[in-house]
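Enquirer: got a predicted structure plus its sequence, pasted below:
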There are 2 protein chains.
Amino acid sequence: MRIAIFGGDGFIGWPTTLHLSNLGHSVTVVDNLSRRWIDTELGVQSLTPMDSIQERQRIWKSESGQDIGFQLINIATEYERLKTWLGEWQPDAIIHLAQQRAAPYSMKSDRHKVYTVDNNTSATHNLLAAVVELNLDAHILHMGTMGVYGYSTVGAAIPEGYLSVDVTLNDNSKAEQEILYPVNPGSIYHMTKCLDQLLFQFYAKNDGLRITDLHQGIVWGTHTDQTHRHEQLINRFDYDGDYGTVLNRFLIQAAVGFPLTVHGTGGQTRAFIHIQDSVRCIEIALDNPPESGDRPKIFNQMTETHRVRDLAELVAELIGGEVAYLPNPRKEAEENDLVVRNDQFLELGLQPITLREGLLNELIDVARRYQHRIDRSRIPCTSAWTKELAKDVVGRVESGIDFRRFRSG
Amino acid sequence: MRIAIFGGDGFIGWPTTLHLSNLGHSVTVVDNLSRRWIDTELGVQSLTPMDSIQERQRIWKSESGQDIGFQLINIATEYERLKTWLGEWQPDAIIHLAQQRAAPYSMKSDRHKVYTVDNNTSATHNLLAAVVELNLDAHILHMGTMGVYGYSTVGAAIPEGYLSVDVTLNDNSKAEQEILYPVNPGSIYHMTKCLDQLLFQFYAKNDGLRITDLHQGIVWGTHTDQTHRHEQLINRFDYDGDYGTVLNRFLIQAAVGFPLTVHGTGGQTRAFIHIQDSVRCIEIALDNPPESGDRPKIFNQMTETHRVRDLAELVAELIGGEVAYLPNPRKEAEENDLVVRNDQFLELGLQPITLREGLLNELIDVARRYQHRIDRSRIPCTSAWTKELAKDVVGRVESGIDFRRFRSG
């Protein structure tokens, strides 16, 4: 299959690119390299040393014999270049990961909010408009998020995208309808993924586009079978307060003797998936496209749920370390339950990698190996959801830990 | 009250500006004059001769003694200028009409789709982000559309924004939830108004913004009490296939002896409101803002529903003329019922102007007075929802009428 990977230089994109190339697909990365620019903006870097995309292409070629294409296109702002390239390359599938993907970054300032909405919405819409204009019969797979559902506890399992509800009719009888799950995003970033859903709904209905939306949980891990193959194929590993995700951050914190930072009570329950499963899910979804005329196909791309404080305590117990309870810069429920349906991927053969599989130690090894690259002052989460919450973010003493001393490293 | 009217140079914006200025409010129009540029792009013009916004300011001052401010800002692309001006002027209310508002224009080509999504989404989001950043306690009133609900017939009245549904819980009991009405937009334009709803939901929840969303029906008429007061205060009146709306178009067609063009069976039922009621509704909504912390307040801003073919036949009977049934360039249900709740405005004192009130003749007078300005070739609707539908749009003979002869005037 000819597969275009939009955002193929990123944390999910790069291992996806290798995984699909390894399966024999003809793969081209389309990326504006914005994630590297954001590293520069924030003055942080991946824990793991990343080579340029061009160098990665060269190494993969020498390792596997396979070519990976690369197109430097900003799909959010360069509509005509995007359309021209799609028309020339005629992919069978387009994997769309080309969006700003960090909730804290999206809430950093008004500039970051504006950037995230403009970038993410235009990126998705430009892709859809171009595919229609070119009359391209490509399967579009989009990386969504479990966060579109929100984390309010209603006592019902979260279905895969569509919720069955009863509506009261004029004659007082009830009629069952299946609707897009009512969204309740927790950040500007999450909200953009809700906007995407409406774009997909429209283009599937009006133009018969074949669209799959993958509502992914929090990804942990860094290696896949392919990123292991050469040191220069290594994946990025974010540990900073904006881009680092919770479990990976706990492991790094434990590895380098930094307190495990839990925000609020840690009663937030979230969905998780290992990055190896993430790329495998993308492969499975690629093999099972919807038909033209179908509504967008939605998968919940996650394998297990955990409460944040339980994770922190598990890591502290396994690796050692102290758990620090800090003020929460996010506006969110202190505690929530979460029951998620993920039947579709399980039925299609996914064998989940869970936390018990021992891959935690692999991450600890990565963290220890590259710990000299860690700037401890960048570990705390400092992006707050409102100006009111921002007042509490820095310098509070919690659980006997003076948070300030961790800022200067 | 200090009121900023974003899009105050447009079809709803201008009479709203005059209406609120007439009530004694301090009013400033913020507009990029894009609607005038689109006239230029399409090579069409308002049936009524419109003066520049600056000339309109001058005439209104001499008529009423009131000043109307004007700021030339593109709120979708000039975030910093928008924020600076809002910070300086500190409005108590912001009426947001600054979006591309024609469904056919939004479907004309991929360029028009991209423009409509980028422009409308960024406009709304920039406004919200700036109000939060400035900590401005302004009531935001947005012009939405009845089209967010879609026109599928489910046998239930359309509520004002929020739908009560029963959800089945894990223990098989049912729980009632009130959700944002599941959207089903019929065009890119309508879709952008659905995206807006999610932006409003987020900013009301996260930042306590006070937001009112007015889901308006199809507006008919052109005059309000204030636009009547001087020939140079006249409102724009669109008759072309992209920006003209159905009832106004029938009246113009009847006035100039053009067939009354019904697309499809004319079985589409739509909601309507007279422009005088539209500005009155905005006044009522201004006087009844939500509280900070409330979800967005949603009104259905319409007064009656009609089936399109019934309207055509009513106009043909009253004024004379032939009804022409033409292929439908839109992808939509041929027939639908529509029952809409609009209790809130009625309870707050709206006295609806209905078609029976005799204002149809006023419009016929306007059409006859300016009929020398009509380019008959611009009357047909030529923007199609898909390339397949586009094939049928022009040159079909229906009901004994050769549509082509109306194209050359």
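Expert: Sure thing, it's come through. Residues are numbered from 1 along each chain as shown, chains lettered A, B, ... in the order given.
Enquirer: name the residue of the stretch 201-350 of chain A that lies nearest to chain B.
Expert: Residue of the stretch 201-350 of chain A nearest chain B, by Cβ to the nearest Cβ: residue A:202 (4.8 Å). Yep, even glycine has a C-beta here, placed from its N, CA and C like the rest.
Enquirer: what about that residue, neighbour count?
Expert: Residues near residue A:202, counting by other Cβ atoms under 10 Å in any protein chain shown, number 23.
Enquirer: do the same with the one 5 residues further on
Expert: Here the count is done by other Cβ under 10 Å, and residue A:207 has 19 residues near it.
Enquirer: for it, give me its contacts.
Expert: A:132, B:386 (Cβ atoms under 8 Å, 6 or more residues apart in numbering or on different chains).
Enquirer: go again with 10 Å.
Expert: A:128-129, A:131-133, A:135, A:292, B:331, B:385-388 (Cβ atoms under 10 Å, 6 or more residues apart in numbering or on different chains).
Enquirer: kindly report the same for residue A:132.
Expert: A:203, A:206-209, B:110, B:113, B:386-387.
Enquirer: now, which of those residues lie within helices?
Expert: A:203, A:206-207, B:110, B:113, B:387 (DSSP state H).
Enquirer: now distance to residue B:166 too, for the residues you listed, in CSV please.
Expert: Output for the ones in helices among the contacts of residue A:132, formatted as CSV (distance: Cβ to Cβ, whole Å):
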residue, distance to residue B:166
A:203, 30
A:206, 30
A:207, 33
B:110, 41
B:113, 37
B:387, 41
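Enquirer: coming back round to it: isn't the residue of the stretch 201-350 of chain A closest to chain B up against residue B:148?
Expert: No: counting by Cβ atoms under 10 Å, residue A:202 stays clear of residue B:148, with 11.6 Å between them.
Enquirer: what sits in contact with each of these two?
Expert: B:183-186, B:190-191, B:194.
Enquirer: among the residues you listed, who's most crowded?
Expert: residue B:191 (30 neighbours).
Enquirer: now do the contacts for that residue.
Expert: Residue B:191 touches A:125, A:195, A:198-199, A:201-203, A:206, B:103, B:106, B:113, B:116-117, B:120-121, B:147-148, B:183-185, counting by Cβ under 10 Å, 6+ apart.
Enquirer: among the residues you listed, name the ones in helices.
Expert: Using DSSP H, the contacts of residue B:191 in helices are A:125, A:195, A:198-199, A:201-203, A:206, B:103, B:106, B:113, B:116-117, B:120-121.
Enquirer: helices and strands of chain A: which one bottoms out on pLDDT?
Expert: strand A:397-398 (a mean of 34; mean pLDDT, DSSP states H and E).
Enquirer: neighbours around the nearest residue to residue A:308 once chain neighbours are set aside, how many?
Expert: Closest residue to residue A:308 apart from its sequence neighbours, by Cβ to Cβ, 6 or more residues apart in numbering or on different chains: residue A:266 at 4.4 Å. Residue A:266: 23 surrounding residues under other Cβ under 10 Å.
Enquirer: tell me the phi and psi of the residue located most distally from the centre of chain A?
Expert: Largest separation from the mean C-alpha position in chain A: residue A:171, at 45.0 Å (Cα atoms, centre = their mean). In terms of degrees, to the nearest 10, the main-chain angles of residue A:171 are phi -90, psi 10.
Enquirer: which SS class is the residue lying closest to it once chain neighbours are set aside?
Expert: Once flanking residues are discounted, residue A:171 sits nearest to residue B:155: 7.5 Å by Cβ to Cβ, 6+ apart. Three-state assignment for residue B:155 (DSSP: H, G, I helix; E, B strand; the rest coil): coil.
Enquirer: ok, residue B:155 - contacts?
Expert: A:167-171, A:173, A:175, B:337, B:339 are the contacts of residue B:155 under Cβ under 10 Å, 6+ apart.
Enquirer: how about 8 Å then?
Expert: Neighbours of residue B:155 in contact, by Cβ under 8 Å, 6+ apart: A:169-171, A:175.
Enquirer: which among the residues you listed gets closest to chain B?
Expert: Relative to chain B, and with distances defined as Cβ to the nearest Cβ, the nearest of the contacts of residue B:155 is residue A:169, at 4.4 Å.
Enquirer: tally up the residues packed near that closest one, please.
Expert: Neighbours of residue A:169 (other Cβ under 10 Å): 13.
Enquirer: then residue A:104?
Expert: Count around residue A:104 with other Cβ under 10 Å applied: 21.
Enquirer: please work out which residues outside the one helix or strand residue A:249 maps to touch it.
Expert: Here residue A:249 is covered by helix A:246-256, with elements defined by DSSP states H and E. Outside helix A:246-256, the residues that touch it by Cβ under 8 Å, 6+ apart are A:47, A:218, A:220-222, A:237-239, A:244, A:258-261, A:270, A:272, A:306, A:308, A:311-312, A:315-316, A:318-321, A:360, A:363-364, A:367-368, A:371, A:374, A:376, A:379.
Enquirer: same deal with stretch A:10-19?
Expert: Under Cβ under 8 Å, 6+ apart, the answer for stretch A:10-19 is A:5-8, A:27, A:29, A:31, A:35, A:56, A:60, A:68, A:95, A:97, A:101, A:143, A:219, A:224-227, A:233, A:235-236, A:238, A:275, A:278-280, A:282-283.
Enquirer: how about stretch A:45-65?
Expert: Against stretch A:45-65 from outside (Cβ under 8 Å, 6+ apart): A:9, A:14, A:18, A:21-22, A:29, A:31, A:33, A:36, A:39, A:66-68, A:70, A:222, A:229-230, A:232-239, A:252, A:366-367, A:370, A:373-374.
Enquirer: what does the stretch 151-300 of chain A have sitting close to chain B?
Expert: A:154-157, A:163-171, A:174-175, A:177, A:179-180, A:182-183, A:185, A:188, A:191, A:194-195, A:198-199, A:201-202, A:205-207 (Cβ under 8 Å from any Cβ of the partner chain).
Enquirer: surely residue A:103 is in contact with residue A:190?
Expert: Yes: using Cβ atoms under 8 Å, residue A:103 is in contact with residue A:190, at 6.2 Å.
Enquirer: overlap in contacts, those two.
Expert: Here residue A:103 and residue A:190 have residue A:147 as joint contacts, going by Cβ under 8 Å, 6+ apart.
Enquirer: returning to that earlier point: what helices or strands is the following helix or strand past the helix holding residue A:249 leaning on?
Expert: Counting by DSSP H and E, the next helix or strand C-terminal to helix A:246-256 is strand A:260-263. Judged by 3 or more Cβ pairs under 8 Å, 6 or more residues apart in numbering or on different chains; DSSP states H and E, the packing partners of strand A:260-263 are helix A:246-256, helix A:308-319, strand A:323-326.
Enquirer: follow-up on the earlier one: report the contact partners of the residue nearest to residue A:308.
Expert: Neighbours of residue A:266 in contact, by Cβ under 8 Å, 6+ apart: A:307-310, A:312, A:323, A:325.
Enquirer: dump these to CSV, plus pLDDT and distance to residue B:85.
Expert: CSV is the format used below for the contacts of residue A:266 (pLDDT from 0 to 100; distance: Cβ to Cβ, whole Å):
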residue, pLDDT, distance to residue B:85
A:307, 97, 46
A:308, 97, 42
A:309, 96, 46
A:310, 96, 49
A:312, 96, 46
A:323, 93, 48
A:325, 91, 43
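Enquirer: who wins on neighbours among these?
Expert: residue A:312 (27 neighbours).
Enquirer: surely that residue touches residue A:326?
Expert: No: here residue A:312 does not reach residue A:326: they are 11.3 Å apart, not a contact under Cβ under 8 Å.
Enquirer: mind listing the shared neighbours of those two?
Expert: In contact with both residue A:312 and residue A:326: residue A:262, using Cβ under 8 Å, 6+ apart.
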